[in-house]
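Student: output the structure for:
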Amino acid sequence: MTAHDDVRSPQATSPVSDDPHQWLEEVTGDAALSWVRAHNEPTVAELTTSERFRELEAATLATLDTDDRIPYARRRGEYLYNFWRDAANPRGLWRRTTFDSYVTDSPEWDVLIDVDELARAEDENWVWAGATVLRPEYERALISLSRGGADASVVREFDIPSRTWVDGGFALPENKSSVGWIDRDTVYVGTDFGEQPDGHGSLTDSGYPRVVKRWTRGTPLEDAVTVFAGEPGDVSVHAVYDDTPGYERHFIGRATDFFNSLDYELRDGEPELLDVPTDASAGVRKNWLLVMTRSPWEVNGTTHAPGTLLAFDYEAYRTGDRGATILFTPDAHTSLVDYAYTRSHLILVLLHDVHTRVEVRELGSWTVVDMPGLPDLATVSVLDTDPDESNEVFWSATSFTDPPSLLHGESGRAPRVIKHSPSFFDSETVTAEQHFATSDDGTQVPYFVVRRRDVSSGPTLLYGYGGFENSLTPGYLAVAGQSWIERGGIYVIANIRGGGEYGPSWHTQAQKAGRHKVYEDFAAVARALVDTGLTTPEQLGAQGGSNGGLLMGVMLTRYPELFGALVCQVPLIDMKRYHLLLAGASWMAEYGDPDDPEQWEFMKPFSPYQNIEAGVAYPAILVTTSTRDDRVHPGHARKLVARLEETGHDVLYYENIEGGHGGAADNKQAAFKSALAYEFLWRTIGNS
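Tutor: Now for the predicted structure:
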């Protein structure tokens with residue numbers, strides 16, 4: 001079964017007698033889609049008729065489509081490559097230009113693939129899913145295309161100089177495949193190969209590749225040679241070829257769960273396990289092994305705290321030498337969020353109370369190098385480097401009120417701004433402040449408040465995520481600025497536990513049995529907004545998607561008195577069955593295993609589907625999802641709505657028939673979905 005035919009999980013149809021709404025898990029079933037259309041119609045009719053909705057939608061679409069935004073690019077050899085969508089090209093263009101042209105106000109772009117033209121020619125709803133280009137010639141690419149924005153994609157080989165698909169080249173049917181170049185005639189591939197000699201299928205229970213093979217040009221896929229196989233209960237397995245000149249190596253990664261993996265180097269075709277903690281992040285560059293810990297790790301008698309970055313000599317490490325250089329040690333306020341190599345340097349991107357700091361170290365000696373010229377009070381990130389070739393760095397800098405800037409230069413030297421994004425609201429009239437709320441266990445939880453300077457209280461929208469170590473850092477609020485803040489609304493971002501704002505422990509303490517801390521933190525921020533006079537419960541709304549959609553479900557069922565409205569997007573809702581649906585099994589390391597009675601005991605209170613009750617005064621709620629989301633099953637959102645209606649509650653629902661996990665397949669759909677949410681919020685907590 002392919003996602004083109006039906007994106008449901010095969011386990012979704014297993015009978016559960018006490019769930020009358022399980023039929024809604026039939027993603028493309030006729031009855032389920034009839035239910036979807038019947039629920040879409042009144043929502044669209046109610047929320048899209050006002051002049052304000054039309055203004056919100058038009059302004060958002062103009063923001064997403066504007067030609068003035070930064071065309072972010074990645075260097076591949078002498079060219080900079082970019083994928084671009086606008087009003088004239090809603091599906092997008094894959095294109096390239098030279099650096100000299102790129103830095104001008106009107107670069108001359110060479111279009112390689114026009115996805116709109118391809119979709120028309122093939123009568124397919126293609127959505128761009130990425131390109132993997134063969135180094136160092138950069139003449140061949142493996143192009144991934146998704147139908148309707150699903151995670152599953154088809155893969156085709158493309159010849160860049162001739163702008164043509166390679167006849168008889170590498171090609172994969174629709175699946176959640178992994179594929180990467182070894183050389184011009186060989187790739188590593190993980191996909192659905194069918195049943196394997198070990199008696200198991202080639203995909204994990206989560207639907208990702210379990211088996212990785214070496215595939216040679218001109219041979220059938222079924223003749224590809226197996227190089228490694230994981231277990232069905234793993235999340236995924238993949239292989240990569242490190243083409244660093246003089247250090248060419250082959251590596252295997254086996255993710256045993258979402259946060260643990262076993263890493264191997266293939267030596268003479270045999271996997272050699274890299275002896276590092278399974279929950280650590282480890283990577284090899286030339287002869288350096290860098291390890292970032294996620295739990296305490298004792299090395300040569302010294303215990304290193306979670307979030308520490310250590311450097312080792314890789315070949316010496318393989319033979320048992322554990323001599324380490326400490327590159328970063330976290331403290332109560334500072335964490336490491338990213339690092340990147342250039343030819344001469346290692347760049348460390350740090351967060352200090354959710355504000356960015358950058359540190360640069362010389363490779364090998366690891367001495368700190370001055371890095372002048374980066375903006376203060378901004379979120380700074382490394383967009384691209386090519387460490388085999390140069391010290392070149394493309395940087396991004398942004399804040400809640402400053403549109404993104406693209407900076408270019410070399411590591412250890414002051415960069416220059418080469419591109420600016422336009423302003424979409426008057427930032428001079430807007431202020432951003434950081435505050436802290438006290439959670440139930442006394443933990444100080446930071447949150448940002450962004451509002452017009454002349455607004456001291458009123459309708460407030462609280463956004464959160466709280467999972468998978470994802471950090472919510474300050475960034476320009478183009479759409480929220482226009483749709484909410486500029487109109488007098490107050491926007492709040494909560495940096496609750498479950499994220500990575502204070503390093504791995506900010507996340508790990510909120511996994512599984514500690515999950516309640518995520519929701520207690522968010523509720524604490526909600527109370528603080530009321531206690532400080534910023535808003536009232538009636539004027540307080542909250543919004544979140546995916547794991548943040550689960551957060552909204554918990555706010556609905558456990559903290560309904562704190563909110564006047566909720567926007568719940570592509571959510572996880574039925575935590576009793578989440579592991580049976582699509583990619584859900586891959587998240588058991590985050591939430592727990594509901595089939596284990598002891599774990600279900602701590603999970604059940606935070607499974608919204610099992611906790612909806614009649615007779616409770618719930619806040620107004622808008623639930624949205626996408627039929628084509630093959631990551632978080634749309635059945636979660638559907639069943640939430642059905643259970644609410646069953647128990648006598650009103651709810652608005654909208655399901656995009658396309659869109660994937662992001663909920664939208666193009667800018668027009670994204671603008672419509674955004675306008676629905678803000679119109680709903682203005683009508684409920686905005687009292688207008």
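
Student: strands of the stretch 501-650 of the chain, residue ranges please.
Tutor: Under the criterion DSSP state E, counting those that start in this stretch, the stretch 501-650 of the chain contains strands at 540-545, 565-569, 620-626.

Student: what's the answer for the stretch 201-350 of the chain, then?
Tutor: 211-216, 225-229, 236-242, 249-257, 260-267, 270-273, 281-285, 288-292, 297-299, 302-304, 309-313, 325-328, 334-341, 345-352.

Student: next one: the stretch 51-200 of the chain
Tutor: 74-76, 79-84, 93-98, 110-114, 126-133, 140-147, 153-159, 164-165, 171-175, 178-183, 186-190.

Student: so which of those strands gets nearest Trp395?
Tutor: Trp395 sits nearest to strand 74-76 of all the strands of the stretch 51-200 of the chain, at 13.4 Å, using Cβ to Cβ. No exception for glycine: its C-beta is placed from N, CA and C like everyone else's.

Student: circling back: mean neighbour count, mean pLDDT and distance to Tyr339 added to the strands of the stretch 501-650 of the chain, as JSON lines?
Tutor: Shown next, in JSON lines, are the strands of the stretch 501-650 of the chain (neighbours: other Cβ atoms under 10 Å; pLDDT from 0 to 100; distance: least, Cβ to Cβ, whole Å):
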{"stretch": "strand 540-545", "mean neighbour count": "27", "mean pLDDT": "98", "distance to Tyr339": "28"}
{"stretch": "strand 565-569", "mean neighbour count": "26", "mean pLDDT": "98", "distance to Tyr339": "31"}
{"stretch": "strand 620-626", "mean neighbour count": "27", "mean pLDDT": "97", "distance to Tyr339": "34"}
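
Student: closest one to Val187 among the strands of the stretch 201-350 of the chain?
Tutor: Of all those, it is strand 211-216 that lies closest to Val187, at 5.3 Å by Cβ to Cβ.

Student: what comes up buried for that closest one?
Tutor: Val211, Val212, Lys213, Arg214, Trp215 (16 or more other Cβ atoms under 10 Å).

Student: quick one: strands adjacent to that strand?
Tutor: Strands that pair with strand 211-216, judged by DSSP bridges, come out as strand 186-190 (antiparallel), strand 225-229 (antiparallel).

Student: just the helices from this protein, written as ranges.
Tutor: Secondary structure of the chain (DSSP state H): helices at 30-47, 51-65, 99-102, 115-122, 314-318, 478-480, 504-508, 516-531, 547-558, 588-591, 597-603, 635-646, 667-684.

Student: counting by contacts, list what the first one packs against.
Tutor: If contacts are counted by 3 or more Cβ pairs under 8 Å, 6 or more residues apart in numbering; DSSP states H and E, helix 30-47 sits against helix 635-646, strand 652-656, helix 667-684.

Student: could you report the neighbour count for Arg452?
Tutor: Look at Arg452: counted by other Cβ atoms under 10 Å, it has 18 neighbours.

Student: verify the contact between it and Gly481 for me.
Tutor: No - contact between Arg452 and Gly481 fails when scored by Cβ atoms under 8 Å: they sit 10.0 Å apart.

Student: if I look at the two, which residues touch both of them?
Tutor: Val430 (Cβ atoms under 8 Å, 6 or more residues apart in numbering).

Student: thinking again about what came up before, can you list the strands of the stretch 501-650 of the chain in JSON lines and add distance to Tyr72?
Tutor: Output for the strands of the stretch 501-650 of the chain, formatted as JSON lines (distance: least, Cβ to Cβ, whole Å):
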{"stretch": "strand 540-545", "distance to Tyr72": "22"}
{"stretch": "strand 565-569", "distance to Tyr72": "25"}
{"stretch": "strand 620-626", "distance to Tyr72": "25"}
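
Student: burial count for Thr438?
Tutor: 14.

Student: for it, give the beta-bridge partners.
Tutor: Gln444.

Student: for it, give me the pLDDT.
Tutor: For Thr438, the pLDDT comes out at 98.

Student: related to what we said a few turns ago, among the helices of the chain, which is the most enclosed?
Tutor: Using mean count of other Cβ atoms under 10 Å, the stretch among the helices of the chain with the greatest mean number of neighbours is helix 547-558 (a mean of 26).

Student: can I get it in PDB? Just the C-alpha atoms.
Tutor: In PDB, the C-alpha atoms belonging to helix 547-558 read as follows (Å, rounded to 0.1, in the frame of the first residue of the first chain):
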ATOM      1  CA  ASN A 547       2.900  18.200  19.900                       C
ATOM      2  CA  GLY A 548       1.700  21.700  20.600                       C
ATOM      3  CA  GLY A 549      -1.800  20.500  19.400                       C
ATOM      4  CA  LEU A 550      -1.600  17.800  22.200                       C
ATOM      5  CA  LEU A 551      -0.800  20.700  24.500                       C
ATOM      6  CA  MET A 552      -4.000  22.500  23.400                       C
ATOM      7  CA  GLY A 553      -5.900  19.300  24.000                       C
ATOM      8  CA  VAL A 554      -4.600  19.000  27.500                       C
ATOM      9  CA  MET A 555      -5.400  22.700  28.200                       C
ATOM     10  CA  LEU A 556      -9.000  22.000  27.000                       C
ATOM     11  CA  THR A 557      -9.500  19.000  29.200                       C
ATOM     12  CA  ARG A 558      -7.500  19.900  32.300                       C
END
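
Student: can you give me the offset of that helix from its chain's centre?
Tutor: Taking Cα atoms, centre = their mean, to the nearest Å, one finds helix 547-558 lying 19 Å from the centre of the chain it belongs to.

Student: one more: stretch 346-363?
Tutor: Taking Cα atoms, centre = their mean, one finds the center of stretch 346-363 at 21 Å from the center of the full chain.

Student: next, the distance between the ends of that stretch.
Tutor: Counting by Cα to Cα, to the nearest Å, you get 6 Å between the two ends of stretch 346-363.

Student: repeat that for stretch 313-328.
Tutor: 17 Å.

Student: with stretch 80-100 instead?
Tutor: 10 Å.

Student: list the buried residues of it.
Tutor: 80-85, 89-97.

Student: hang on, the earlier thing: out of the helices and strands packed on helix 30-47, the one nearest Glu433 is which?
Tutor: helix 667-684 (21.5 Å).

Student: one step back: using TSV, lay out the strands of the stretch 51-200 of the chain together with distance to Ser421 and mean pLDDT.
Tutor: Listed next are those as TSV, based on distance: least, Cβ to Cβ, whole Å; pLDDT from 0 to 100:
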stretch	distance to Ser421	mean pLDDT
strand 74-76	18	96
strand 79-84	14	98
strand 93-98	18	98
strand 110-114	23	98
strand 126-133	21	96
strand 140-147	26	96
strand 153-159	29	98
strand 164-165	34	98
strand 171-175	35	96
strand 178-183	32	97
strand 186-190	37	98
